[in-house]
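Student: here is the input, now give the coordinates:
(one chain, ligands or ions: 2)
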Amino acid sequence: MASPNPVAVSVIVPVHNEEGACVQVAREIVEAFSKVYGTDSFEVVFVDDSSSDNSLARLNAAMTDMPQMRVLHHAKNVGKSGAIRTGVLAARSDIVVTLDGDGQNPADDAARMTRVLSAAPDDIGMVAGIRRNRQDKLSKKWASRWANGIRKALLNDGCDDTGCGLKAFRREVFLRLPYFDQMHRYLPSLVAREGYGVLSEPVDDRLRTTGQSKYTNIGRLAVALSDLPGVMWLNSRYRKPGKVTETGR
Ligand SMILES: Nc1nc2c(ncn2[C@@H]2O[C@H](COP(=O)(O)OP(=O)(O)O)[C@@H](O)[C@H]2O)c(=O)[nH]1
Ligand SMILES: [Mg+2]
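Tutor: Ligands and ions are numbered 1, 2, ... in the order given. Have a look, this model is predicted:
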C-alpha cells in the first residue's frame, strides 16, 4: 500500500461513523499542516473502519479538492487500534501523528507535536498529547481518571492521559510494538518497553458536536483493565540486549 514518495509527516485519522465531522476534520488538518509544512509535504490518511453511515462516501468525495488525502477502508470493523495500525502501515513518512475523526482534537496541536518529535533526539519514540481541559461529562472524566491512575501505578508509564487521540510517534518504533485490540491505550508503556523515551505535550480538547461516542464508561474501563495484566506480562518478558554492534570487515 505504501508508495515511495517521501513526505515530511503522515497524519492518520481512524474513523467509525463520523459522517458529520470527518470532512471538516480533513479541512482543518490540511490547513494546519499546510501552514507548518507547505501544501504538498504531508499526507492525511483516513482509515474508515467499516462505517455504516456515509463517512466513506464523504471522505471519498472530499479527496477531489484535498490532494493530500488518502482514504483506506476496512471491509470489517476492527476497532480504533486496528485502524491506526492500518494507517501506520500505509504511511509514507517516518513521522506519524494520530488524531480522532470526531473533531475533538485540534489539528494545530497535532502539527505542533510532530515538530516536537522531529526536533527530539532519536531515542525519543513518541510524543503523547495530554488533554488539559477535557470537555467530557463528569462521569467520563472520573472513569478516565481511575483508569489512568490504576494503569499508571501498575505500569509506571508516567502518562496521565493515554486515552487522548493525539499521539505522534516514529513509524519504525510503532511497527516494533506487539499489536492487539485496544493497544492504543498502552502506547507509552509499549514504546518504553522498546527502550524509547516518551514526551508529553499539553493539548486542547473540544466538545463532540456531532455523532456519538463509541464507548461507554463501563465498557472502556472493563477493556482497559482486562488488558492490563497482559501488558504487565509483556513488559516482564522483555529482555534488552543493550547496544547492538556489528563487526566490520
Ligand atoms: N476506526 C475505528 N475508530 C473508532 C472505533 N471506535 C472509535 N473510533 C474512533 O476513535 C475516535 C475516538 O472515539 P470516540 O468514540 O470519540 O471516543 P471518546 O472521545 O473517548 O468518546 C473517533 O475518531 C472514532 O471515530 C472503531 O471501532 N474503529
Ligand atoms: Mg471522541
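Student: any weak-confidence spans in the chain?
Tutor: With pLDDT under 70 as the threshold, the chain has low-confidence stretches at 1-5.
Student: please redo it, this time with the cut-off set to 80
Tutor: Residues of the chain meeting the criterion pLDDT under 80: 1-5, 135-136, 215, 217, 220-221, 223-224.
Student: centre-most residue in it?
Tutor: Of all residues in the chain, the one closest to the mean position by CA atoms, centre = their mean is Thr98, 3.4 Å from it.
Student: neighbours around Gly129, how many?
Tutor: The tally of other residues near Gly129 (other CB atoms under 10 Å) stands at 27. Placement of C-beta: from N, CA and C, glycine included.
Student: verify the contact between it and Leu199 for me.
Tutor: No: the pair Gly129 / Leu199 is not scored as a contact, 10.4 Å apart, by CB atoms under 8 Å.
Student: what's near enough to touch Asp109?
Tutor: Remark: with contacts taken as CB atoms under 8 Å, 6 or more residues apart in numbering, Asp109 is in contact with Leu99, Gly129, Leu166, Glu201, Val203, Asp204.
Student: what about Arg206, which helix or strand?
Tutor: Arg206 is located outside every helix and strand, with elements delineated by DSSP states H and E.
Student: can you pull the buried residues of the longest helix anywhere in the chain?
Tutor: In the chain, assigned by DSSP state H, the helix with the most residues is helix 217-236. By neighbour count on 16 or more other CB atoms under 10 Å, the buried set for helix 217-236 is Asn217, Arg220, Leu221, Val223, Ala224, Asp227, Leu228, Val231, Leu234, Asn235.
Student: near ligand 2, which of those residues show up?
Tutor: Contacts with ligand 2 are made by none of the buried residues of helix 217-236, judged by CB under 5 Å from the ion.
Student: from those, which is closest to Leu177?
Tutor: The shortest approach to Leu177 among those belongs to Leu234, at 9.5 Å (CB to CB).
Student: and the closest one, what is it in contact with?
Tutor: Leu234 makes contact with Pro178, Leu190, Arg193, according to CB under 8 Å, 6+ apart.
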